[in-house]
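**Student:** Requesting a structural model of the entry that follows:
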Amino acid sequence: MQVLPAKIDTTDRLLSIAMLLVGGMVLATLLRYPSVREHLKLGLIGLALVCVAATLTFFLGSGPLFAAEGKKIGVHVGVLTGLMWVAEISFNNFVDPRISTGGNRFYVDNSFWAAIALVILITSFATASKCHKTSAGVRVGLWSGYISGTISCLMALSLVLFGMRFLLRDPINIEEYATRASGAPSFGMASYFAYETMAGALAHLFVLGIVMGLLLGLLGGLMGQLLAQLHPASH
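**Tutor:** Alright, predicted model coming up:
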């Protein structure tokens, strides 16, 4: 019997396009801002990872391993938590520096991070408990983390290419540049923060997005399946 390939759904198409956009923005950063060799290597590694992620999403995202229970709710949670990351990034970069101080950023950043992690964990737990499957919770974590990471990555890279003036006017960034970049090989403050922000953007995508989502999904999935096994009559 011939096995037909999985139909590629809208989520996979949009995510693949978004990842290609991320790759294009990383490449544009490399071309626009000259820097030291280590920064260029970081950009090329990030570009390769983005291309791999886009390819896997397009060809495997709608397959049975990734598209079963948990994907749909994971997509919705990913959009929600991605917008939360956008709000956090906006506070750090667009709000008046007299309000967006270092101390205030500490509380805002950690509050948003905790809220996002909690939303993913609770949704993974509830989905796994309902489906009696750890894998359902893992899918929630994977898709929510992947999508939220992609949204926040695009937001950060947009700052590099279209909002550099906000990075250069920030008193905290100015102080950091004077302290950390002093005496080091440099192509200027704009290039320094272009690559610092690009590194943060890729970390949002792969670490705070995919990896954190998978870990929270696994934890929530295990807890949810355990609850379903302990109280089978209530499910």
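**Student:** which stretches of this protein aren't confidently modelled?
**Tutor:** 1-7, 181-186, 232-235 (pLDDT under 70).
**Student:** How much space separates the residue nearest to the spatial centre of the chain from Ile17?
**Tutor:** Central residue of the chain (Cα atoms, centre = their mean): Gly149, 1.4 Å from the mean position. Here the criterion is Cβ to Cβ, to the nearest Å. By it, Gly149 lies 16 Å from Ile17. No exception for glycine: its C-beta is placed from N, CA and C like everyone else's.
**Student:** Tell me how far Leu218 lies from Ser124.
**Tutor:** 8 Å.
**Student:** Give the residues shared as contacts by these two.
**Tutor:** Gly137, Val138, Gly141 (Cβ atoms under 8 Å, 6 or more residues apart in numbering).
**Student:** top of those by neighbour count?
**Tutor:** Gly137 (33 neighbours; other Cβ atoms under 10 Å).
**Student:** shouldn't it be in contact with Leu222?
**Tutor:** Yes: counting by Cβ atoms under 8 Å, Gly137 does reach Leu222; the two are 7.4 Å apart.
**Student:** joint contacts of the two?
**Tutor:** Joint contacts of Gly137 and Leu222 (Cβ under 8 Å, 6+ apart) are Ala128.
**Student:** ok so, going back, and of the shared contacts of Leu218 and Ser124, the nearest to Val119?
**Tutor:** Val119 lies nearest to Gly141 out of the shared contacts of Leu218 and Ser124, by Cβ to Cβ, at 10.8 Å.
**Student:** tell me which element the closest one falls in.
**Tutor:** Secondary structure from DSSP states H and E places Gly141 in helix 134-162.
**Student:** which helices and strands does that helix pack with?
**Tutor:** On a contact count with 3 or more Cβ pairs under 8 Å, 6 or more residues apart in numbering; DSSP states H and E, helix 134-162 meets helix 10-32, helix 71-94, helix 102-131, helix 164-169, helix 189-205, helix 212-230.
**Student:** Nearest to Ser62, out of the ones you listed?
**Tutor:** helix 10-32 (5.4 Å).
**Student:** Done for today, thanks.
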